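1. From the sequence below, what's the structure:
(one chain, ligands or ions: 1)
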Amino acid sequence: MTSSKQPVRTRFAPSPTGFLHLGGARTALFSWAYARHFGGTFILRVEDTDLERSTPEAVQAILDGMAWLGLTPDEGPFFQMQHMDRYREVVAGMVKAGTAYYCYSSPEEVDAMRELARSKGQKPRYDGTWRPEPGKILPPIPQGRRPVVRFKSPQDGVTSWIDMVKGPISFDNTELDDLVIARPDGTPTYNFCVVVDDWDMRITHVLRGDDHVNNTPRQITILRALGAPVPEYGHVPMILGPDGEKLSKRHGAVSVMEYDKEGYLPEGMINYLARLGWSHGDDELFTREQLVEWFDPQHLSKSAAQWDPKKLNWVNAHYIKHSDDAALARAVAPRILTRGGHPDRADLVRVAGLLKDRAETLEQLADGAMLFCGDFSGPTAELAEQHLTQTARNALRDFAIQAAELTWTREAISALIKTILASHSLKMPQLAIPLRVAVAGTTQTPAIDAVLEILGRDVVLARLASI
Ligand code: GLU
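-> Sure, this is the predicted structure:
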């Protein structure tokens, strides 16, 4: 039974045991895009039942990461810890209905059963001692032992589904153990909570990492036992590092918020992440709206995607280049402060406009902006000696004299440079490089006329006077 005719409802269900990593962010993105594409609902469910490993900081990190990426849930965040009563109620209902049973085998006994199976060359499993069957007499209940609750899993047949990513998948039910769904203290176990929530939240499509493939037949059999609709599942292959190994810290940043720090734009990140495992023809660059319009599970890739930092930079450069100058100026100002610069020393909107064509990240933009916003104490002696020759100084002096009278626009500055080149019989680099060294302390800057215009006449003349 599938629920594909229902309004689409997807969920992202992170366990808050660390930051939002790239794989998680991509899963969230796919679930979000799927819901948006079909006009459905995207739900955020925090799977926080592992009390040892879940932290409030990790919850916050996930919320921050999603907010930064603009993956706003339509419902939630919901927290599984707040659903405990509901899980217990469903467990009790299953015991009553005979689809789950109390099992009094001790952990040592279960270990021994598994060992025995292993020694016979079989899959380690629970031997069904407490599984009720018609006509079977169960052992006497050991005194003082609190039972676990096990799901009465079907023992024959197959559990299969057509995976939205991987195609048909089936498991022999003989492979599925009678899963523990509640521990001796009554707390429900992982797969069970997922099932109850997917049911209660009326989830129609589950997109998640393929490390969950083995959980799916267990979840499907429990859903069926509950008479609940079974969602469609799609298991997305993992992301590999550039070296083909599973993506990890060794490959650099794995937390999405780290990419914020490093100066990537959420739009760039979304575009890049979408292409890690999904495609729309040869399109590499697309807007969020296009992604939503085009997103379909048919084009989710069966093979693992590879993280490519160069491509991410290329994508991000595109988004920086097409960003509004004022927005870039706002984004870059705090980064200039961090560098000890003074954002109000230059017209940052124009600085951003000048530099955005070459910057791959906001960090690079901030580095470039320091030319205008940083403290300047003149060129190094070495640069001065090399570039501020007598010929150059003569030309610079003439430039300064005439600059004092100029209407300070890029065009007028450019015309003045040409006049000086002609009157001193110089080629462009013979004036442009000494100018750069004198006013910026470097031989390389963006177009010199634009740089001078933004620096402003007073600054330029003061720096020329002090060489
Ligand atoms: N909480 C699981 C995880 O973080 C995901 C569960 C699911 O998507 O079904 O890996």
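2. For the longest helix along the chain, list the C-alpha coordinates in CSV.
-> Longest helix in the chain by number of residues (criterion: DSSP state H): helix 22-37. This file holds the C-alpha atoms of helix 22-37, laid out as CSV (Å, rounded to 0.1, in the frame of the first residue of the first chain):
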residue,chain,number,x,y,z
LEU,A,22,26.7,18.2,4.5
GLY,A,23,25.0,14.8,4.0
GLY,A,24,22.2,15.8,6.4
ALA,A,25,21.8,19.2,4.7
ARG,A,26,21.5,17.5,1.4
THR,A,27,18.8,15.1,2.7
ALA,A,28,17.0,18.1,4.2
LEU,A,29,17.2,19.9,0.8
PHE,A,30,15.9,16.9,-1.2
SER,A,31,13.0,16.4,1.2
TRP,A,32,12.2,20.2,1.2
ALA,A,33,12.5,20.4,-2.6
TYR,A,34,10.3,17.3,-3.1
ALA,A,35,7.6,18.8,-0.8
ARG,A,36,7.8,22.2,-2.5
HIS,A,37,7.7,20.7,-6.0
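3. Tell me if that helix is near the ligand.
-> No - figure legend: helix 22-37 not in contact with the ligand (C-beta under 6 Å from any ligand atom); closest approach 6.8 Å. (Glycine included, C-beta is placed from N, CA and C.)
4. For that helix, which helices and strands make contact with it?
-> strand 9-12, strand 41-46, helix 56-69, strand 205-209, strand 232-236, strand 239-240, helix 266-274, helix 288-294 (3 or more C-beta pairs under 8 Å, 6 or more residues apart in numbering; DSSP states H and E).
5. can you give me the angle that helix makes with helix 56-69?
-> On the basis of axes from the mean of the first three to the mean of the last three C-alpha atoms, to 10 degrees, helix 22-37 is oriented at 50 degrees to helix 56-69.
6. Between the two ends of stretch 73-88, what distance do you get?
-> Length of stretch 73-88, first residue to last, C-alpha to C-alpha, to the nearest Å: 27 Å.
7. Check what contacts it and list those residues.
-> In this structure, residues lying in contact with stretch 73-88 by C-beta atoms under 8 Å, 6 or more residues apart in numbering are 11-12, 35, 41-49, 59, 63, 66, 182, 186-188, 192-193, 196-197, 200-201.
8. hmm, back to that, buried ones in the longest helix of the chain?
-> The neighbour-count check on helix 22-37 (16 or more other C-beta atoms under 10 Å) flags 22-37 as buried.
9. Pull up the residues of the stretch 101-250 of the chain that are close to the ligand.
-> Taking C-beta under 6 Å from any ligand atom as the measure of proximity, the stretch 101-250 of the chain contacts the ligand at V194, R208, H212.
10. Please identify which of those is nearest to the ligand.
-> Nearest to the ligand among those is R208, at 3.6 Å by C-beta to the nearest ligand atom.
11. Verify the contact between that closest one and H235 for me.
-> Yes - using C-beta atoms under 8 Å, R208 makes contact with H235 at a distance of 6.4 Å.
12. who are the neighbours in contact with P242?
-> Applying C-beta under 8 Å, 6+ apart, the residues contacting P242 are H251, Q306, W307, D308, P309.
13. before we move on, what SS does it have?
-> Secondary structure of P242, reduced to three states by DSSP: H, G, I helix; E, B strand; the rest coil: coil.
14. what do you get for G378?
-> Secondary structure, three-state DSSP: G378 is coil.
15. Start the count at 4 instead of 1 going forward.
-> New numbering, starting at 4: the last item is G381.
16. Which SSE is immediately downstream of the helix or strand encompassing A453?
-> Taking DSSP states H and E as the criterion, A453 maps to helix 451-458. Next along the chain after helix 451-458, taking DSSP H and E as the criterion, comes helix 460-468.
17. Mind listing what's buried along the helix or strand harbouring I323?
-> Assigned by DSSP H and E, I323 belongs to helix 312-324. Under the neighbour-count criterion of 16+ other C-beta under 10 Å, helix 312-324 has L315, N316, V318, N319, A320, H321, Y322, I323 buried.
18. With stretch 439-452 instead?
-> Buried-residue list, stretch 439-452, by 16+ other C-beta under 10 Å: R439, V440, A441, V442, A443, G444, T448, P449, I451, D452.
19. again, but for stretch 260-270
-> Residues of stretch 260-270 classed as buried under the neighbour-count rule (16+ other C-beta under 10 Å) are M260, Y262, D263, G266, Y267, L268, P269, E270.
20. For it, measure first residue to last.
-> Separation of the first and last residues of stretch 260-270 by C-alpha to C-alpha is 13 Å.
21. Pull the residues that contact it.
-> Under C-beta under 8 Å, 6+ apart, the answer for stretch 260-270 is 22-23, 64, 67-68, 71-73, 256, 272, 290-291, 315, 319, 322-323, 326, 338, 364-369.
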